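> Make a model of this:
(chains A and B)
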There are 2 protein chains.
Amino acid sequence: MMETTQRWVMNSAREPLVFEDLDTLPPEPGEVVIKVAGCGVCHTDLGFYYDNVQTRHPLPLTLGHEISGRVVATADDTAEWMEKAVIVPSVIPCGHCDSCKRGRFAICPNQKMPGNDIQGGFATHVGVPAYGLCPVDEARLKDAGLKLADVSVVADAVTTPYQAVARSGLTSGDLAIVIGAGGVGGYTVQIANALGATVVAIDIDQNKLDAISDYGAALTLNASELQLPDLKKSVREFAKENGLRKTESIIFECSGSAAGQRTAFGLMTYGSTLCVIGFTMEKVEIRVSNLMAFDARMLGNWGCEPALYPAALDLVLDKRVQLLPFVERKPLEEINEVFDAVHDGRMKCRAILIPEAVE
Amino acid sequence: MMETTQRWVMNSAREPLVFEDLDTLPPEPGEVVIKVAGCGVCHTDLGFYYDNVQTRHPLPLTLGHEISGRVVATADDTAEWMEKAVIVPSVIPCGHCDSCKRGRFAICPNQKMPGNDIQGGFATHVGVPAYGLCPVDEARLKDAGLKLADVSVVADAVTTPYQAVARSGLTSGDLAIVIGAGGVGGYTVQIANALGATVVAIDIDQNKLDAISDYGAALTLNASELQLPDLKKSVREFAKENGLRKTESIIFECSGSAAGQRTAFGLMTYGSTLCVIGFTMEKVEIRVSNLMAFDARMLGNWGCEPALYPAALDLVLDKRVQLLPFVERKPLEEINEVFDAVHDGRMKCRAILIPEAVE
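Now for the predicted structure:
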């Protein structure tokens, strides 16, 4: 009934991932087995593999948390999902604990992240909870010129900024500033633009700025050439020229760097919202009281609640957020080479690893 | 018709305030003249007077922004206020600009703060905009054993934390942690407790902790004796013993000190909200990414929108927030001595300066 199932396993940091057989059958109650169409390579995977960031599940473990595919096996209570094309949330809350019942899905203590808490998606098949699966309309997918593998990056790379944008209250006419314009930051630019904001993208990599300037960034600023006072002045003048408010900018910190966080905080003004999306272990020195003086706020953002996935996917299927210029399909069997290429900065686009031969 | 009107004027920093005649009549359109019942002495006043913080209105200026009193003169368009007992908001938005129309009163660019943008309340009379005045029900005031002068501190000392508590979404059953238990912090403890939270108060001054322990603090912790890990452990154990959630604590930073801000940030956990109420020019070094990892947030709070004043005053008139243990009435003519006493830490309670002889 089901073909051989296999996965790539991490046994220890920086040791080549190993290909091995995997038994995913039968699914546990509440779970499904998904035949993986594609699984995106995220910097979080690289952190586990290269930088000794600890996975919550002990090694050996299969990495990968941006998964799309088709349900090929179900349990008694998940039969409704059989044969469906789906995206697996990168953070899967349990749905029934005290936090989930109060809508605080991001802090569900039972949450499962594939490739961290449970086996991940760099495999032919993966077993995951059915809770929160996002169905993919394959007719619309085809109309949008996309394959099921492509929308794997909706989990995390698109949905994480989508939740941050939704929480920020961003609305048409707002000024959005995105710090870090690659990967997650690039989708943040596209989403904010799709929802009616005028977007300023800031990065230290001119290539990333050039790449995003055709996809929603009305102004790009290179922070390797401009100090904070110049960045502030440029943003202020741009706002004035475009008839935007000089207050209440919504700033998205996506670089996950101390320098980016300092820039983001420094750009805050009266009524600003700073969304913290990127992660770094580094500390930064800031005047916290500016939040009081500016009546401003900082909103941390972890993952995306499953209920928001369909709306994020809609932006992609409606071609308001473009994936294809920013992804590159690679055969799953090249996983070790792809990890190295991403780690060395040799890939401009987000790699999607595909178990089937890439066409 | 109106008796002599006089005020105490600051001509320059640390130079004794000078008593002089003041002409407040007739009120400008949209304004009223208030016969001051009392005006609270806030640390912001001391900042202007002792620490060279610049007032927005050039000197000479009368300080004082916690004002209660009775309307004794009105303009054609403010006649409805004649004879009314009122509290003057410490931050008076214009009510008709773009920010105000969108409900962002705190960042109204036309906002007036008495004793900063306009003449303040250390006077027998003061002229202020009628917009946002909070009527005081004198029958309820009497029932609560209060004089009109006492509720002057509702402006700022009570309402500023009230807005922070309201914005935090604090609700019955929450764990609230208040850093800095004097003045504004003390009222934060009382308000959070009145709204159903269980409150932990942290300070470095045992006297302040003792003073607040009978007024809503279920646990007090002395940060001069406990390091951050011990504070965290104490809070965690207290939450467990009292059946409270270990996540989503709501933390109010009222100390306006770098040490307090570091403690506040260090106490954050999954889903926490940190309300920044106190102000300091100092910077602190923090791991901003904790906000992302914890799905947590920081909310700056400036003043309080006038629409929230009646609800804050209700807590006082219903005796759910006690003023009398924390205020001390002083004759206005002793203003120079009182400023020195507050500055030197010789007053345990908030001073309210009263133009009429104190009974």
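> How about the longest helix anywhere in chain A, which residues are buried there?
Ranked by number of residues, the top helix in chain A under DSSP state H is helix A:228-241. Within helix A:228-241, the residues scored as buried using 16 or more other CB atoms under 10 Å in any protein chain shown are A:231-232, A:235, A:238-239. (Glycine included, C-beta is placed from N, CA and C.)
> what does the stretch 1-150 of chain A have sitting close to chain B?
Neighbours of chain B within the stretch 1-150 of chain A, by CB under 8 Å from any CB of the partner chain: A:98-99, A:104, A:106-107, A:109.
> go again using 6 Å as the cut-off
The stretch 1-150 of chain A comes close to chain B at residues A:104, A:106-107, as judged by CB under 6 Å from any CB of the partner chain.
> Could you dump those residues into a markdown table with secondary structure and pLDDT added?
Rendered in a markdown table, the data for the residues of the stretch 1-150 of chain A next to chain B read as follows (DSSP: H, G, I helix; E, B strand; the rest coil; pLDDT from 0 to 100):
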| residue | secondary structure | pLDDT |
| --- | --- | --- |
| A:Arg104 | coil | 96 |
| A:Ala106 | helix | 96 |
| A:Ile107 | helix | 97 |
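> So how do I select the buried members of those residues in ChimeraX?
When burial is assessed using 16+ other CB under 10 Å, the buried subset of the residues of the stretch 1-150 of chain A next to chain B is captured in ChimeraX by this command:
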select /A:104,106,107
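> Need the three-state assignment for A:Ala218.
With DSSP: H, G, I helix; E, B strand; the rest coil as the basis, the three-state label of A:Ala218 is strand.
> List the contacts of the longest helix of chain A.
Applying CB atoms under 6 Å, 6 or more residues apart in numbering or on different chains, the set of residues contacting helix A:228-241 from outside is A:175, A:200, A:219, A:221, A:246, A:266.
> distance between it and the chain's centre?
Relative to the centre of its chain, helix A:228-241 is centred 29 Å away, using CA atoms, centre = their mean, to the nearest Å.
> Ok, stretch A:172-179 next?
Taking mean C-alpha positions (CA atoms, centre = their mean), stretch A:172-179 and its chain are 19 Å apart.
> which SSE is the most centrally placed residue in chain A in?
For chain A, A:Ala157 is the residue whose C-alpha lies nearest the centre (CA atoms, centre = their mean; 1.9 Å). A:Ala157 belongs to no helix or strand when assigned by DSSP states H and E.
> Now for A:Leu46, how many residues are close by?
Other residues within reach of A:Leu46 by the criterion other CB atoms under 10 Å in any protein chain shown amount to 16.
> In this structure it contacts A:Gly345, no?
No. The pair A:Leu46 and A:Gly345 does not pass the contact test of CB atoms under 6 Å, sitting 11.0 Å apart.
> returning to that earlier point: and the next element down the chain from the longest helix of chain A?
Beyond helix A:228-241 on the C-terminal side, the first helix or strand identified by DSSP H and E is strand A:250-253.
> Walk me through which strands that following strand pairs with, and which way each runs.
Each strand that strand A:250-253 pairs with, and the sense of that pairing, follows from DSSP bridges: strand A:175-179 (parallel), strand A:273-276 (parallel).
> how about the closest residue to A:Asp45 other than its chain neighbours, what does it touch?
For A:Asp45, ignoring the flanking residues on the chain, the nearest one in space by CB to CB, 6 or more residues apart in numbering or on different chains is A:Leu63 at 4.6 Å. The contact partners of A:Leu63, taken as CB under 6 Å, 6+ apart, are A:10, A:45, A:115, A:120, A:122.
> Quick one: residues contacting the residue lying closest to A:Thr280 once chain neighbours are set aside.
Residue nearest to A:Thr280 in three dimensions, not counting chain neighbours: A:Gly256, with 4.9 Å by CB to CB, 6+ apart. Residues counted as contacts of A:Gly256 (CB under 6 Å, 6+ apart) are A:278-280.
> about what we covered before: which of the contacts of A:Leu63 ranks first by neighbour count?
The contacts of A:Leu63, ranked by neighbours (other CB under 10 Å): first place A:Gly120, 31 neighbours.
> Relative to A:Phe48, how far out is that residue?
Counting by CB to CB, to the nearest Å, the gap between A:Gly120 and A:Phe48 amounts to 10 Å.
> who does the host helix or strand of A:Ile202 touch, helix- and strand-wise?
When elements are defined using DSSP H and E, A:Ile202 is found to belong to strand A:198-203. Where contact means 3 or more CB pairs under 6 Å, 6 or more residues apart in numbering or on different chains; DSSP states H and E, strand A:198-203 is packed against strand A:175-179, helix A:184-194, strand A:217-222.
> highest average neighbour count across these?
strand A:175-179 (a mean of 30; mean count of other CB atoms under 10 Å in any protein chain shown).
> So what touches it?
Contacting residues not belonging to strand A:175-179 are listed as A:185, A:188-189, A:192, A:197-202, A:239, A:244, A:249-253, A:255, A:260, A:263-264, A:267 [CB under 6 Å, 6+ apart].
> so which strand or helix has A:Val338?
Remark: A:Val338 resides in helix A:335-343, with elements defined by DSSP H and E.
> can I get the CA coordinates of that helix in CSV?
As requested, C-alpha coordinates have been extracted for helix A:335-343 and formatted as CSV (Å, rounded to 0.1, in the frame of the first residue of the first chain):
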residue,chain,number,x,y,z
ILE,A,335,20.7,17.6,1.7
ASN,A,336,24.3,17.6,2.9
GLU,A,337,25.5,19.7,0.0
VAL,A,338,22.5,22.0,0.3
PHE,A,339,23.1,22.6,4.1
ASP,A,340,26.7,23.5,3.3
ALA,A,341,25.7,25.8,0.5
VAL,A,342,23.1,27.6,2.6
HIS,A,343,25.5,27.8,5.5
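> Could you report the distance from the nearest residue to A:Gly145 once chain neighbours are set aside to B:Tyr309?
By the measure of CB to CB, 6+ apart, the closest residue to A:Gly145 outside its immediate chain neighbours is A:Leu324, 7.1 Å from it. When CB to CB is applied, the distance between A:Leu324 and B:Tyr309 equals 55 Å.
> same question, A:Trp302
Looking at A:Trp302 against B:Tyr309, where the rule is CB to CB, the gap reads 36 Å.
> returning to what we had before: could you check the pLDDT of the residue nearest to A:Asp45?
A:Leu63 carries a pLDDT value of 98.
> swap in A:Thr188?
Confidence per residue is given as pLDDT, and for A:Thr188 that number is 98.
> Over to A:Leu22?
Looking at A:Leu22, its pLDDT is 85.
> The residue lying closest to it once chain neighbours are set aside pairs with what?
Across the structure, with CB to CB, 6+ apart as the measure, the residue nearest A:Leu22 apart from its sequence neighbours is A:Arg7 (4.3 Å). According to DSSP bridges, the partner residues bridging A:Arg7 are A:Glu20, A:Ala123.
> For burial, what's the neighbour tally of A:Arg7?
Counted with other CB under 10 Å, residues neighbouring A:Arg7 total 27.
> okay but A:Ile67 is in contact with A:Gly121, surely?
Yes. Using CB under 6 Å, A:Ile67 is in contact with A:Gly121, at 3.6 Å.
> which of those two has more neighbours?
Set A:Ile67 next to A:Gly121 and count neighbours by other CB under 10 Å: A:Gly121 wins out with 34 against 29.
> on that earlier part again, overlap in contacts of A:Ile67 and A:Gly121?
If you check A:Ile67 and A:Gly121 against CB under 6 Å, 6+ apart, the residues they both contact are A:Cys39.
> Thank you kindly, that will do.
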